[in-house]
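> What shape does this take:
(2 chains)
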There are 2 protein chains.
Amino acid sequence: MKATGIVVEYNPFHNGHLHHAEKARELSGADTVIAVMSGQFLQRGEPAFVDKWTRTRMALASGVDLVIELPYGYATAQAAEFAKGAITLLDALNCSSFCFGSEQGEIVPFLNTLDLLTDQRELYEQEIRRFVQSGISYPKALNEAYRSLLPSQTAFADLTQPNNILGFHYIEAARILGSAIQPLTISRLGAGYHDPIVSGVPIASATGIRQAISEGSAISEMVDFLPAASVEEMHHFLSEHHTFGSWDLFYPLLRAAILRDRPSRLSAYAEVTEGIENLLYEAAKNAAGFSDFMQHAKSKRYTWTRIQRMLTHIYTGFTWEQLKAFDRPEYIRILGMTHTGRQYLNSQKKEAKLPLISRAADLPGEMGAFDLHASYMYLLGLGASDVRKEFIVPPIYAG
Amino acid sequence: MKATGIVVEYNPFHNGHLHHAEKARELSGADTVIAVMSGQFLQRGEPAFVDKWTRTRMALASGVDLVIELPYGYATAQAAEFAKGAITLLDALNCSSFCFGSEQGEIVPFLNTLDLLTDQRELYEQEIRRFVQSGISYPKALNEAYRSLLPSQTAFADLTQPNNILGFHYIEAARILGSAIQPLTISRLGAGYHDPIVSGVPIASATGIRQAISEGSAISEMVDFLPAASVEEMHHFLSEHHTFGSWDLFYPLLRAAILRDRPSRLSAYAEVTEGIENLLYEAAKNAAGFSDFMQHAKSKRYTWTRIQRMLTHIYTGFTWEQLKAFDRPEYIRILGMTHTGRQYLNSQKKEAKLPLISRAADLPGEMGAFDLHASYMYLLGLGASDVRKEFIVPPIYAG
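All right, here's what the predicted structure looks like:
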């Protein structure tokens, strides 16, 4: 059997994701599409809108054969670590390729970019430091440094675009890993990353969909943008939890965590650096809601996403020490599979480069314990009376 | 001027407290009654029913001239440390006496008991260890050890009674301190520590009053048991916060703190010992309310109060390390005064053995910072949108 991998969040799974899964299968010629998916917390530093089991069912209903979980420490990391975690898992499952959506839409510019930055690594890193020291945010510094190196040719990736950046890091991660996995890319369809929904246009951003629902739109109004299975799963989730995951919802517990730990302890959490703990602490004292909090906590030095990532780590209690102890993914956590996915897994029982884990009780080490913990903290934020759902939900089988 | 001290919680201030303040003045012949009062968290390991400012106003309206705050680390400690904190403060304010309510009602038996236990300290402590090792709780072990030493005479204090125990520790604390402060005691009137209210009987326990209100009684139904000023203050508090302080109310934030820290970090908090962190953690996973939680968390090894004290420290984030760094009170925090109280304070400007602190901003050191912090955490639990009330409320003057 032949598998291709995709790296996803599905927050929630929409028509753009359906297109991506179909194109990945087509372009790769694979019989199995494997999605590495973030768990309960996402790369932009947010709790997921719907839980990972719901998102797994959405995916299996719409073109994905196997869903595996990207461990917490990678799912909530900056692009390079996120990519390293995801590509390590796809490589461990012996995918022959991976396929990402990009603004670029062609693979050659990415390969040229990687060669350029590899050859000129030292100069590149000098330039990044120089731009960071000039006071701009890290992502902006990356881009400025890159532009300063760029020869006057067109066949390089445009690293101002969010999906190009991620794609670049996937390819780089595969090269660092020394993996034979082949990169593929497709053009992203339609909506930009944060665009609002437009009625009648079948592709909307996940952000736009979440925002419309948060502002009062009914799930049923999303039928233009979501596969039918996604609509149904959203209804199920809502009837169970009576709400969707968001910082607005989780804020009272986040606020208590910030106030309880005081600045002296806040600086122990991953990504919390350079005195921002004082800003977060002061903001928590009198901000009763999340948007009010962010108004107080925002800083020229950090992007919104970076601050949210700090907040995620504060909320879950994930420290620098834990972050540093995580070298690379230590297991393949199976969230769900179709019949084809199961066949592929059977073919990997001896071939997979990391242990295949189906049950929460088998999650190994501190990395496994933390995935379990992050899931507890997510369910707590949703208001669950029992947070141990991880032990109740077996891998989902969508025969 | 001549002052007598009393050690109080006033949760809330009721007719029994009024009697105590009046009798203390009478028995001591003092012109000033000084109350050392717990702040936002109490000795039984609970958030206060109403905040410290409200309780200060109640006291000043009903026979107390000066209210000072017992710092968090003492207010939430076991009897010996609680007593040490309180007596140190009364001594620092040069009270000539202190007066406590007891079941015993006479001072001589307490003095005999102290002499007996001082003379036989080593044997006493051996006996305590022996009883603790036999598996009974610490308070029970204290009592059993004491009984095993007791000569067959009647003039010793009965240390099975809660107020006698506290009284004994006050006297012991004064002796250890080498203070000239004189102990006085009065008989407690009427209701036992946890007795429910009885209509028409003017003395009810604070527990009984809180319970009746929590179960739906109107504040106005408490007029038999509370001075009019207390009734009015309860109304004010309720109109501001729409609720009263309790573990039931604070539980969602406590639960999040327990789950977030996992057993590995829980054991850092004061009073958390010998594996109980695992019991607390497991209980938090599926207990949606506080009474359900305590059903799961209770243990033969620990009293309910001891467990609540652990929970208070977990909730506020108060560690063993902080506890050990607190040697004795470092300042006299003034919460409020009458005209007489102000005159007494003026007489103490040069005489007081510790700095007199009126403003939150002047609270010194980590002990002062933690009193401020505990107040934030209390207001957060009440649902306050701004927790910085400490900076808004000046010392209360009830001229």
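> what does the stretch 201-350 of chain A have sitting close to chain B?
A:252-253, A:255-257, A:259-262, A:265, A:285-286, A:288, A:315-317 (Cβ under 8 Å from any Cβ of the partner chain). Bear in mind the C-beta positions are built from the backbone N, C-alpha and C, glycine included.
> if we go to 7 Å?
Counting by Cβ under 7 Å from any Cβ of the partner chain, the residues of the stretch 201-350 of chain A close to chain B are A:253, A:256-257, A:259-262, A:285-286, A:288, A:316-317.
> What residues does the closest residue to residue A:158 other than its chain neighbours make contact with?
Among residues not flanking residue A:158 along the chain, residue A:164 sits closest, at 5.6 Å (Cβ to Cβ, 6 or more residues apart in numbering or on different chains). Contacts here follow Cβ atoms under 7 Å, 6 or more residues apart in numbering or on different chains; on that basis residue A:164 touches A:102-104, A:157-158.
> ok, back up a step: drop anything exposed from the residues of the stretch 201-350 of chain A next to chain B.
A:253, A:256-257, A:259-262, A:285, A:316-317 (16 or more other Cβ atoms under 10 Å in any protein chain shown).
> Adding distance to residue A:277, write these out as TSV.
Output for those, formatted as TSV (distance: Cβ to Cβ, whole Å):
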residue	distance to residue A:277
A:253	18
A:256	16
A:257	12
A:259	12
A:260	13
A:261	9
A:262	9
A:285	13
A:316	16
A:317	14
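> Pipe these into a markdown table and attach pLDDT and secondary structure per row.
Formatted as a markdown table, those follow (pLDDT from 0 to 100; DSSP: H, G, I helix; E, B strand; the rest coil):
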| residue | pLDDT | secondary structure |
| --- | --- | --- |
| A:253 | 98 | helix |
| A:256 | 98 | helix |
| A:257 | 98 | helix |
| A:259 | 98 | helix |
| A:260 | 98 | helix |
| A:261 | 97 | helix |
| A:262 | 96 | helix |
| A:285 | 97 | helix |
| A:316 | 98 | helix |
| A:317 | 98 | coil |
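> about what we covered before: could you check which helix or strand contains the residue nearest to residue A:158?
Using DSSP states H and E, residue A:164 falls within helix A:162-177.
> Kindly report the same for residue A:83.
Residue A:83 belongs to helix A:79-92 when assigned by DSSP H and E.
> neighbours around the closest residue to residue A:293 other than its chain neighbours, how many?
Nearest non-adjacent residue to residue A:293, counting by Cβ to Cβ, 6+ apart: residue A:287, 3.8 Å away. Around residue A:287 there are 20 other residues, counting by other Cβ atoms under 10 Å in any protein chain shown.
> before we move on, what about residue A:36?
Using other Cβ under 10 Å, residue A:36 has 28 other residues around it.
> pretty sure it contacts residue A:70?
Yes. Taking Cβ atoms under 7 Å as the definition, residue A:36 is a contact partner of residue A:70 at 5.1 Å.
> list residues touching both of the two?
Listed as contacting both residue A:36 and residue A:70 by Cβ under 7 Å, 6+ apart are A:86, A:89.
> before we move on, the earlier item: how about the buried ones among the residues of the stretch 201-350 of chain A next to chain B, which pair is most distant?
Spatially, the most separated pair among these is A:285 and A:316, at 21.8 Å (Cβ to Cβ).
> For stretch A:349-363, buried residues please.
A:352, A:354, A:356-357, A:360, A:363.
> So which elements touch the helix or strand harbouring residue A:367?
Assigning secondary structure by DSSP H and E places residue A:367 in helix A:365-382. Counting contacts by 3 or more Cβ pairs under 7 Å, 6 or more residues apart in numbering or on different chains; DSSP states H and E, helix A:365-382 packs against helix A:72-75, helix A:247-266, helix A:304-316, helix A:320-325, helix B:247-266.
> For residue A:181, which residues are in contact?
Residue A:181 is in contact with A:87, A:90-91, A:95-98, A:174, counting by Cβ under 7 Å, 6+ apart.
> 8 Å instead?
Residues in contact with residue A:181 (Cβ atoms under 8 Å, 6 or more residues apart in numbering or on different chains) are A:5, A:87, A:90-91, A:95-98, A:174.
> picking up where we left off before, downstream neighbour of the helix holding residue A:367 in the secondary structure list?
Immediately after helix A:365-382, counting by DSSP H and E, sits strand A:396-398.
> buried sites along that following strand?
Within strand A:396-398, the residues scored as buried using 16+ other Cβ under 10 Å are A:396, A:398.
> Direction included, what does that strand pair up with?
If you go by DSSP bridges, strand A:396-398 pairs up with strand A:332-338 (parallel).
> now what about the partner strand, what contacts it?
Applying Cβ under 8 Å, 6+ apart, the external contacts of strand A:332-338 come out as A:37, A:52-53, A:56-57, A:59-60, A:64-69, A:71, A:89, A:92-93, A:344-345, A:352, A:354-358, A:363, A:371, A:395-399.
> hang on, the earlier thing: against chain B, how distant is the residue nearest to residue A:158?
Counting by Cβ to the nearest Cβ, to the nearest Å, the gap from residue A:164 to chain B is 36 Å.
> what ranges do the strands span in the stretch 101-250 of chain A?
A:182-187 (DSSP state E, counting those that start in this stretch).
> from it, which residue is nearest to chain B?
Nearest residue of the stretch 101-250 of chain A to chain B (Cβ to the nearest Cβ) works out as residue A:250 at 9.6 Å.
> Touching, that residue and residue A:381? I think so.
Yes. Using Cβ atoms under 8 Å, residue A:250 is in contact with residue A:381, at 3.9 Å.
> so what sits against both of these two?
A:47, A:315.
> can you redo the buried residues of stretch A:349-363 as JSON lines with pLDDT and distance to residue A:180?
Compiled in JSON lines, the buried residues of stretch A:349-363 are given as follows (pLDDT from 0 to 100; distance: Cβ to Cβ, whole Å):
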{"residue": "A:352", "pLDDT": "98", "distance to residue A:180": "15"}
{"residue": "A:354", "pLDDT": "98", "distance to residue A:180": "17"}
{"residue": "A:356", "pLDDT": "98", "distance to residue A:180": "21"}
{"residue": "A:357", "pLDDT": "97", "distance to residue A:180": "24"}
{"residue": "A:360", "pLDDT": "95", "distance to residue A:180": "32"}
{"residue": "A:363", "pLDDT": "96", "distance to residue A:180": "28"}
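> Please flag which of the residues you listed sit within strands.
Residues of these located in strands (DSSP state E): A:356-357.
> Which one of the buried residues of stretch A:349-363 is nearest to chain B?
Ranked by distance to chain B (Cβ to the nearest Cβ), the buried residues of stretch A:349-363 are led by residue A:360 at 12.6 Å.
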